[in-house]
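S.K.: quick one, structure for this:
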Amino acid sequence: MTREERYQFILDYFRRTQPQVTTQLVFGSAFQLLVATLLSAQCTDKRINEITPELFRHYPDARSMSKASPEDILTYVHSVSYPNSKARHLSELSRMLVSDFGGEVPSTPDDLVKLPGVGRKTANVLQAVWFGKPVMAVDTHVYRVSHRMGLVPPTANTPRKVEDYLTAHIPSSDLSKAHHWLLLHGRYICKSLRPQCEECFFDQYCPKLLAGSKLEK
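M.R.: Now for the predicted structure:
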């Protein structure tokens, strides 16, 4: 199976089994999606969905959160990973949204990554989920699964290289959904420490079984 055939096989499966897929984070606005995505780094969506209702009850938008100190925000996010830095970033980005963008979340990636705590992955999630643009967000799950499933070559050894490779090989109409397909496959099946290979539809075609595989570069 060439890499091109592998893409076709994997994408066809996901198109058939998960035609409608999106983030599992719960949000009511672009700002809330931004906050939830920032908080979700190195943390589970389940945990984020448990703490954001109370956070958003007090700070539903950038203007209200911009008036809060990092200590105020920490009260509601203390149970997530890296709570102190995330609380600080939320306070700072809210103020920047108000001062530089009229309280609205910008739609361009260049503006998004100017916000404190917002990297390319978070910016791409906003681009795909809220603004409906054909971009690929690469988190740890997408990075791991892309390599394990033979979708990218070993030389794609950074998140940006994986993003660029996937973007070049996945039709733009599937790109934003493919992020969720790969992420969810990594979260529930192709796990980091204990992959559930016996539950994986792709197990018989997994590169782990293909010694000397000649997947196309």
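
S.K.: any idea how far stretch 105-125 is from the chain center?
M.R.: Averaging C-alpha positions (Cα atoms, centre = their mean, to the nearest Å) puts stretch 105-125 12 Å from its chain's average.

S.K.: what pLDDT, on average, does it get?
M.R.: Averaging pLDDT along stretch 105-125 yields 95.

S.K.: name the residues of that stretch that are buried.
M.R.: 105-106, 109, 112, 115, 117-118, 120-125 (16 or more other Cβ atoms under 10 Å). All C-beta atoms are positioned from the backbone trio N, CA, C, and that covers glycine.

S.K.: out of those residues, flag the one nearest to Ile10.
M.R.: Nearest to Ile10 among these, counting by Cβ to Cβ, is Asn124 at 20.3 Å.

S.K.: run a quick check on that closest one versus Val135, I expect a contact.
M.R.: Yes: using Cβ atoms under 8 Å, Asn124 makes contact with Val135 at a distance of 4.7 Å.

S.K.: quick one: the helices in the protein?
M.R.: 3-17, 30-39, 45-58, 62-66, 70-77, 83-101, 109-112, 120-125, 140-148, 159-169, 172-188 (DSSP state H).

S.K.: quick revisit: would you mind giving the buried residues of stretch 105-125 as a markdown table with distance to Ser173 added?
M.R.: Shown next, in a markdown table, are these (distance: Cβ to Cβ, whole Å):
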| residue | distance to Ser173 |
| --- | --- |
| Val105 | 24 |
| Pro106 | 25 |
| Pro109 | 20 |
| Leu112 | 23 |
| Leu115 | 29 |
| Gly117 | 31 |
| Val118 | 26 |
| Arg120 | 22 |
| Lys121 | 21 |
| Thr122 | 23 |
| Ala123 | 21 |
| Asn124 | 17 |
| Val125 | 18 |
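
S.K.: nearest to Lys191, of those residues?
M.R.: Lys121 (19.4 Å).

S.K.: need the residues that contact stretch 104-112.
M.R.: Residues outside stretch 104-112 that contact it (Cβ atoms under 8 Å, 6 or more residues apart in numbering): 30-31, 34, 62, 97, 101, 118, 120, 122-124, 126-127, 130-131, 135.
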